[in-house]
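Chemist: Sharing a model that was predicted from the sequence below.
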Amino acid sequence: MDINLEGRVAVVTGASRGIGAAIAKAYADAGAKVVLTARKLEGLEKAVAEIGEDRVHAIAAHAGKAEDAERVVAETLQKYGRLDVLVNNAATNPYMGPVIDAELPAWDKTFEVNLRGPLVWTQAVYRGWMKEHGGSVINVASIDGLRAGGPLAIYGITKSALIFLTQQLATEVGPNVRVNVLAPGLVKTEFARALWEGAGEDAKYPWPLQRLGQPNDIASAALFLASDAASWVTGGLFVIDGGGSLGGPFS
């Protein structure tokens, strides 16, 4: 399938590296203009250089702050004149361990970025452009939002809530706006380094496809959901984990 995003404009949060940078590049390669956001401009500048300055634009912004979302939307509309796709990819995980032992500041920070953030960015793009012109919103959750008991407890709670938020928004903003959610498994990114480091490049992981995910595995799904090929897809949950969430001998 040849997916063409020519003439579209996308905003990707958490786009300085990893999954966000891969999604931004996939969109730019498909012909879109892409606004990359992250908290620190230095990281964004590296991503811009790798993708190409003529195809992307960087704006430093905090993913959990409504005023930053509104500022990015306004600047995007001023620069490109439209805003067709939003990818809520930015996330944080300041705490690993049992919820019962968690400190409230870590809880609050995780919810601010991982759940409040996607809401306020979606509100900003909806009010600023998509309500009148349509568009696609793609949230990046995690398979940790589908199961309890792991070490990323607070993170998983926010991602579970993000899946529900996606489905709720999909019921509210159709038919012109589509809202879908990706649930990646373990992807080899800097963000997830503590989970995969030391396993070895050739390790056989205990799931059917027996490898770690790569950022491009997630970017391909995000590209589909941004395109007209997904024009009848909304409220969807797409698990991309190499089969790791399946039951049976590989679980």
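Modeler: Yep, it's here.

Chemist: Start and end of stretch 121-137, how far apart?
Modeler: Start and end residues of stretch 121-137 are separated by 10 Å (Cα to Cα, to the nearest Å).

Chemist: ok, now stretch 24-36?
Modeler: Using Cα to Cα, the two ends of stretch 24-36 sit 7 Å apart.

Chemist: just stretch 78-85 next, same as before
Modeler: Counting by Cα to Cα, the length from the leading to the trailing residue of stretch 78-85 is 16 Å.

Chemist: Now do the buried residues in that stretch.
Modeler: Across stretch 78-85, burial judged by 16 or more other Cβ atoms under 10 Å covers 80, 83-85. To be clear about C-beta, it is placed using only N, CA and C from the backbone, and glycine gets the same treatment.

Chemist: Next: stretch 129-139.
Modeler: For stretch 129-139, a neighbour-count test (16+ other Cβ under 10 Å) marks 129-130, 135-139 as buried.

Chemist: Which one of those residues is nearest to Val233?
Modeler: Closest approach to Val233 among the buried residues of stretch 129-139 (Cβ to Cβ): Ser136, at 9.1 Å.

Chemist: Where does the closest one sit: helix, strand or coil?
Modeler: Under the three-state scheme (DSSP: H, G, I helix; E, B strand; the rest coil), Ser136 adopts strand.

Chemist: Report the contact partners of the most centrally placed residue in the chain.
Modeler: Geometric centre of the chain, nearest residue: Asn89, 2.4 Å, by Cα atoms, centre = their mean. Residues near Asn89 by Cβ atoms under 8 Å, 6 or more residues apart in numbering: 12-15, 19-20, 23, 140.

Chemist: Poorly predicted segments of this structure, please.
Modeler: When residues are selected by pLDDT under 70, those of the chain lie in 1, 189-205, 247-251.

Chemist: let's see 50
Modeler: Within the chain, the ranges that satisfy pLDDT under 50 run 202, 248-251.

Chemist: could you show me where the helices are in it, in order?
Modeler: Along the chain, the segments classed as helices by DSSP state H run 18-29, 41-51, 66-80, 104-111, 117-125, 131-133, 153-173, 193-196, 215-226.

Chemist: packing partners for the last one?
Modeler: Secondary-structure packing of helix 215-226 (3 or more Cβ pairs under 8 Å, 6 or more residues apart in numbering; DSSP states H and E): helix 18-29, strand 85-88, strand 135-140, strand 177-184, strand 237-240.

Chemist: now the fourth one
Modeler: Judged by 3+ Cβ pairs under 8 Å, 6+ apart, the packing partners of helix 104-111 are helix 153-173.

Chemist: In the helix it packs on, which residues are buried?
Modeler: For helix 153-173, a neighbour-count test (16+ other Cβ under 10 Å) marks 153-163, 165-167, 169-170, 173 as buried.

Chemist: what does stretch 66-81 give?
Modeler: Buried residues in stretch 66-81, counted by 16+ other Cβ under 10 Å: 68-70, 72-73, 75-76, 80.

Chemist: what does stretch 142-152 give?
Modeler: By neighbour count with 16+ other Cβ under 10 Å, stretch 142-152 contains the buried residues 142-146, 152.

Chemist: my guess is Gly135 contacts Thr76, does it?
Modeler: No: if you go by Cβ atoms under 8 Å, Gly135 and Thr76 don't touch, sitting 12.0 Å apart.
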